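**Student:** need a 3D model of the following:
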Amino acid sequence: METKMFCMQCEQTAGGKACTNTGVCGKTANTARLQDELTGALITASRRGVEVPERLLLEGVFATLTNVNFDDAALEKLIAEVGTPYYNLYKVRDADEDTRSLKTLLLLGIRGVAAYAYHAFVLGHDVAEICAFLKKALSAIGDDGCGLPELLPLVMECGKVNIDALALLDKANNEAFGTPAPVTVSRTILPGPFIVVSGHDLRDLKLMLEQTNGKGVNVYTHGEMLPAHAYPELKKYAHLKGNFGTAWQNQQKELANVPGAFLFTTNCLMPLQKSYSDRVFTTAVVGYPGLVHIGEDKDFTPVIDKALELGGYTEPQVGGTFTTGFGHNAVLSNAETIVGAVKSGAIKHFFLVGGCDGAKQGRNYYTEFVKQAPPGTIILTLACGKYRFNDLDIGTIGGLPRILDMGQCNDAYSAVRVALALADAFGCGVNDLPLTLVLSWYEQKAVAILLSLLHLGIRNIRLGPTLPAFISPNVLNYLVENFGIASITTPEADLAAMLGK
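**Tutor:** Okay, the predicted model is just below:
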């Protein structure tokens, strides 16, 4: 059977091995080919020392991440801008399985790094050192003589550089939008015209709020934009009303026939359905054939006009609430209470349950895990994986909700800061804390975060729903032996093991 494409970069890859005909994500074989050519062009440029501007480098790497860009014309334009012949990625796929595994792990890791660095870059921050590493990693991926001794340190360095990118993004967001604080967010959609902003880019949301101010158009967040409500410089806009829908993978159902306009600012776009394809817009690195794309001028007039044309609902669409905003500043401001609760036995264990969500069966594990987590445990969460359980009411401890939403996957630095601060408060290492990480992964930003956790030496991470198809047995054994990484099993069995029962 002819192989039209080869892609194994996400958790939902066909048969747990690779998509070879059409992507499970919805991308065509031609789109996959162009993404490979774009990656190959950046590899060639890095190996030849061709100067690629930072914006082009970040956008080029970011555009190949899952559920970002389905637009072949946009990918062809990026390839032309890079302007070098492309390295054939099938050389990597034809290498011995351990070399292939590490090169793929490195490639997917830098795609996550580029995504985080891009958000800091558009807020005006210096990403030169991060871009230098991206070029070094791309060059190594295209080096046919680069083997395990060279690749393993680079994979670990990728984790370190990703922490640098996350720290820079945390600084950029706090400077631009203020320090996030806990907030309760309405899920009710009010009557009248409205726009839903999805993705991760807070700058695009801010620009949308500025341009819709006073125009009778309400704005709602969606998916990973939910934590935006916690930032003072965003929530000060009275027409930022609440959150629409749930996680990104539900959009084909939740967006159907909705009388509002939708703007996708980064990844998490799915192939469109007819019932709403006329009201979806893209910007930045996101692309989809046939949609109006808002360029670098960030003039959102077409989105606003569509919202006004559609008119919105005539009656309130009543929903519940979500709570978010427990970033590292908010959590650490309660450090004395938390430490005291641990010492008194009120808090017995912390679980970080979060990561990338997806549509594949088996992800209800995370819902059941949180439901079954015993009293006396705190659930830290971030990224879209939280939508599996962030509507649950499992009570409070010491005045704090037992579920603490720390933000987007872009806010993973918050979890790192909290873990390190707690370890310092107790005078121990992170691995000695009553803390267990239970992570879900879907795409490449989760890969980058995992590499960051490994760089920090964090052990005994539980990962699911399945282990990556691109990890060879030998590389997996290395991770198991050196970091104790393990696949999830059942909530009952895993909780018993984590709590020493």
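**Student:** can you name every helix or strand that the top helix by length along the chain contacts?
**Tutor:** With DSSP state H setting the assignment, residue counts place helix 148-177 as the longest helix in the chain. Here helix 148-177 touches helix 97-122, helix 128-141, helix 202-212, helix 232-235, helix 412-426, helix 444-455, going by 3 or more C-beta pairs under 8 Å, 6 or more residues apart in numbering; DSSP states H and E. Bear in mind the C-beta positions are built from the backbone N, C-alpha and C, glycine included.
**Student:** how near is the residue of the chain most remote from its centre to Thr337?
**Tutor:** Distance from the centre of the chain peaks at Ser344, with 35.7 Å (C-alpha atoms, centre = their mean). Distance of Ser344 to Thr337, computed by C-beta to C-beta, to the nearest Å: 10 Å.
**Student:** joint contacts of those two?
**Tutor:** Between them, Ser344 and Thr337 share no contacting residue under C-beta atoms under 8 Å, 6 or more residues apart in numbering.
**Student:** ok, now which ones touch Val480?
**Tutor:** Contacts of Val480 (C-beta under 8 Å, 6+ apart): Ala486.
**Student:** now the one 4 residues further on
**Tutor:** In this structure, Gly484 makes contact with 459-461, judged by C-beta under 8 Å, 6+ apart.
**Student:** could you list the residues in contact with stretch 305-324?
**Tutor:** Contacts for stretch 305-324 (C-beta under 8 Å, 6+ apart): 182-195, 215-218, 226-227, 229-230, 242-243, 259-261, 278-279, 281, 390-391, 401, 403, 405, 407.
**Student:** and those, which of them are in strands?
**Tutor:** Mapping the contacts of stretch 305-324 onto strands (DSSP state E) picks out 183-186, 194-195, 218, 242-243, 261, 281, 401, 403, 405.
**Student:** farthest-apart pair in those, please.
**Tutor:** Phe281 and Pro401 (34.8 Å; C-beta to C-beta).
**Student:** so the two - more neighbours on which side?
**Tutor:** Using other C-beta atoms under 10 Å, the more surrounded residue of Phe281 and Pro401 is Phe281, with 20 against 16.
**Student:** so how far is Gln252 from that one?
**Tutor:** The value you get for Phe281 to Gln252, if C-beta to C-beta is used, is 17 Å.
**Student:** just the helices in the stretch 301-450 of the chain please.
**Tutor:** 301-310, 328-332, 335-344, 364-372, 412-426, 444-455 (DSSP state H, counting those that start in this stretch).
**Student:** tell me which residues in the shortest one are buried?
**Tutor:** Counting neighbours by 16 or more other C-beta atoms under 10 Å, one finds that the buried residues in helix 328-332 are 328-332.
**Student:** for that helix, packing partners?
**Tutor:** Helix 328-332 packs on helix 412-426, going by 3+ C-beta pairs under 8 Å, 6+ apart.
**Student:** mind listing what's buried along the helix it packs on?
**Tutor:** 412-419, 421-423.
**Student:** now do stretch 185-198
**Tutor:** 185-187, 189-190, 192-198.
**Student:** one more: stretch 240-260?
**Tutor:** 240-251, 254-255, 258-260.
**Student:** how far away is Gln35 from Asn364?
**Tutor:** 31 Å.
**Student:** those two: which has the busier surroundings?
**Tutor:** Gln35 (28 against 12).
**Student:** my guess is the more buried one contacts Leu65, does it?
**Tutor:** No. The pair Gln35 / Leu65 is not scored as a contact, 9.2 Å apart, by C-beta atoms under 8 Å.
**Student:** show me the shaky parts of the protein.
**Tutor:** 1-2, 501 (pLDDT under 70).
**Student:** center of it, which residue is that?
**Tutor:** Centre-nearest of the chain using C-alpha atoms, centre = their mean is Cys409, 4.3 Å out.
**Student:** ok, that residue touching Lys386?
**Tutor:** No. Using C-beta under 8 Å, Cys409 is not in contact with Lys386, being 10.1 Å away.
**Student:** give me the common contacts of these two.
**Tutor:** Common neighbours of Cys409 and Lys386 (C-beta under 8 Å, 6+ apart) are Gly354.
**Student:** against Thr22, how distant is Pro259?
**Tutor:** 32 Å.
**Student:** not counting its own residues, what contacts stretch 413-430?
**Tutor:** With C-beta under 8 Å, 6+ apart as the criterion, stretch 413-430 contacts 163, 166-167, 169-170, 327-328, 331-332, 335, 338-339, 342, 350, 352, 354, 380, 382, 406-407, 432-433, 435, 452, 456-458.
**Student:** same thing but at 7 Å, please
**Tutor:** Outside stretch 413-430, the residues within contact range by C-beta atoms under 7 Å, 6 or more residues apart in numbering are 163, 166-167, 170, 327-328, 331-332, 335, 339, 352, 380, 382, 406-407, 433, 435, 456, 458.
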